[in-house]
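> Build me a model:
(one chain, ligands or ions: 1)
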Amino acid sequence: METRTCLVTGANRGVGLEFVRQLLARGDRVVATCRQPGRATALSGLAGEHPGRLHVLPLDVADPRSHAALASELPLALGDDGRLDLLVNGAGVLHSGERFGKVTAAILEDSFRTNAAGPLLLTQALAPLLADGARVANLSSELGSITDAGRFGTPSYCISKAAQNMASVLLAHALRERGMIVVALHPGWVQTDMGGPNATVPAEDSVRGLLQVIDGLSPEDSGSFRDWRGETLPW
Ligand code: NDP
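The predicted structure follows:
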């Protein structure tokens, strides 16, 4: 199979880091982004194991100036004619402990900037560097499903992921004419810092499933909401 070039956000830990591991293991070139590359020890280790195939670059997804800086640095990492075949918008934040009566504007805004505005604005900033036919995988959550909304828990997270879902559908329309496929993907309840101690799905299984879903997508699937096993989820 041809070598692809992939960019992953939130790549220093959790699901993002596992994406980097599995993409490198299958021979892809990876641009791994995180807020503090100097502290990303797991990524430094992987860069040593895969010389020339892993670039680690700084990115704060909540800051549009950081998107612009990445867009201007990327051509150096990709080479003159280099384009991205896959963008994984993995970075996300969940502020726990919110309850009705105690929701704050600051937490709502931070969640929105990171989980909803981040993937939309970053995809827009990187669009010129995406190959025609590229795939954009936005890591969403079943908690962003309005149909399945339940008790009043983590409202800022749920609201920001629902907004991200709308952004995914609109991006699918915007990028369709270039043959790109944009999807919202729920990774399962994954054993990461965010998933916590009771999570059921190892990150390795989640990402293996997500990559299978991403590889199997066809243009008609653009703008859909799936889980890590390929099941379609209700918006
Ligand atoms: P983690 O909390 O384990 O990791 C979150 C990652 O996002 C970290 O790399 C973190 O970087 C990064 N991040 C947060 N804010 C920013 C920012 N402003 N700029 C750049 N990076 C940032 O989460 P998971 O790996 O579990 O989750 C990955 C994605 O999957 C998220 O979008 C999440 O919402 C989604 N998801 C996860 C589920 C789960 O059960 N784990 C379930 C459903 C969805 P830093 O180290 O700098 O904080």
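> check which helix or strand covers Leu121.
In this structure, Leu121 sits in helix 118-126 according to DSSP states H and E.
> close to the ligand, is whichever helix in the chain runs longest?
Assignment by DSSP state H gives helix 155-175 as the longest helix of the chain. No. Using C-beta under 6 Å from any ligand atom, helix 155-175 stays clear of the ligand, coming no nearer than 6.7 Å. No exception for glycine: its C-beta is placed from N, CA and C like everyone else's.
> pLDDT wise, what is the residue sitting furthest away from the middle of the chain at?
Largest separation from the mean C-alpha position in the chain: Gly101, at 30.9 Å (C-alpha atoms, centre = their mean). Residue-level confidence at Gly101 comes out at 92, pLDDT.
> Summarise which helices and strands the lengthiest strand in the chain is packed against.
Longest strand in the chain, counting residues (DSSP state E): strand 130-139. Where contact means 3 or more C-beta pairs under 8 Å, 6 or more residues apart in numbering; DSSP states H and E, strand 130-139 is packed against strand 84-89, helix 118-126, helix 155-175, strand 181-186, helix 203-215.
> For it, which residues meet the burial criterion?
Neighbour counts over strand 130-139 (16 or more other C-beta atoms under 10 Å) mark Leu130, Ala131, Ala134, Arg135, Val136, Ala137, Asn138, Leu139 as buried.
> Tell me the secondary structure at the residue farthest from the centre of the chain.
coil (DSSP: H, G, I helix; E, B strand; the rest coil).
> For His55, what is the enclosing helix or strand?
Under the criterion of DSSP H and E, His55 resides in strand 54-58.
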